Every structure is written in structure tokens, then in C-alpha cells.
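Engineer: Quick one, structure for this:
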Amino acid sequence: MFLNPKHNLSQAHLSQGMIVADFGAGPGYYAIEAGRLVEKDGKVFCIDLSHELLRKLSNEAEKFFWIHH
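Structural biologist: Predicted coordinates for the structure are as follows:
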């Protein structure tokens, strides 16, 4: 069963300006949702062993956010 990042992160009470780390970010479902919650003043750091997944996540995130590499 797929976990719902939006629902699960609502339990974490993330808000504008927070700094978040997503360990084992994988395809970034949680990272993208966390980025929406912390908005432009916040930051989401993504950590994963797969450089390919991080590259794909970075490309996907650029559609929604201003990205610093």
C-alpha cells in the first residue's frame, strides 16, 4: 500500500521557513510535499545513496521550486 506523503507530513506540522532533511529520499514524494509546506523561505535537503534518483528528484523539483545545487 502506498503511503500518502501529504497526509503523513501533515502529522509533522511542517510550516513556512522550516529546514527539513529527507533521508532515503528515493523518488522524492516526501521531499516535494515537504517543499510545498516549507515554502520559499524553507529548505529541504535530500539524501539518498542513488545519484540517479537524486538527479531525477532534482529535475522534478525544478518544476515546482527554485533549486540550489
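Engineer: okay, which residue is most central for this structure?
Structural biologist: Centroid-nearest residue in the chain, with C-alpha atoms, centre = their mean: residue 31, separated by 1.3 Å.
Engineer: Tell me the spacing between it and residue 57.
Structural biologist: To residue 57, residue 31 is 6 Å away according to C-beta to C-beta, to the nearest Å. Placement of C-beta: from N, CA and C, glycine included.
Engineer: quick one: common contacting residues for the two?
Structural biologist: Common contact partners of residue 31 and residue 57 (C-beta atoms under 8 Å, 6 or more residues apart in numbering): 25, 46.
Engineer: so what secondary structure elements neighbour the strand or helix carrying residue 46?
Structural biologist: Assessed by DSSP states H and E, residue 46 sits inside strand 43-47. With contacts defined as 3 or more C-beta pairs under 8 Å, 6 or more residues apart in numbering; DSSP states H and E, strand 43-47 has these neighbours: strand 19-23, helix 29-38, helix 51-61.
Engineer: partner strands of it, parallel or antiparallel?
Structural biologist: Neighbouring strands of strand 43-47 in its sheet, by DSSP bridges, are strand 19-23 (parallel).
Engineer: one step back: got TSV for the helices and strands packed on strand 43-47, with distance to residue 12 too?
Structural biologist: Conversion of the helices and strands packed on strand 43-47 to TSV gives the following (distance: least, C-beta to C-beta, whole Å):
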stretch	distance to residue 12
strand 19-23	8
helix 29-38	8
helix 51-61	19
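Engineer: Include distance to residue 6 and mean pLDDT when you put these into CSV, please.
Structural biologist: What follows is the helices and strands packed on strand 43-47, written out as CSV (distance: least, C-beta to C-beta, whole Å; pLDDT from 0 to 100):
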stretch, distance to residue 6, mean pLDDT
strand 19-23, 14, 97
helix 29-38, 5, 94
helix 51-61, 16, 93
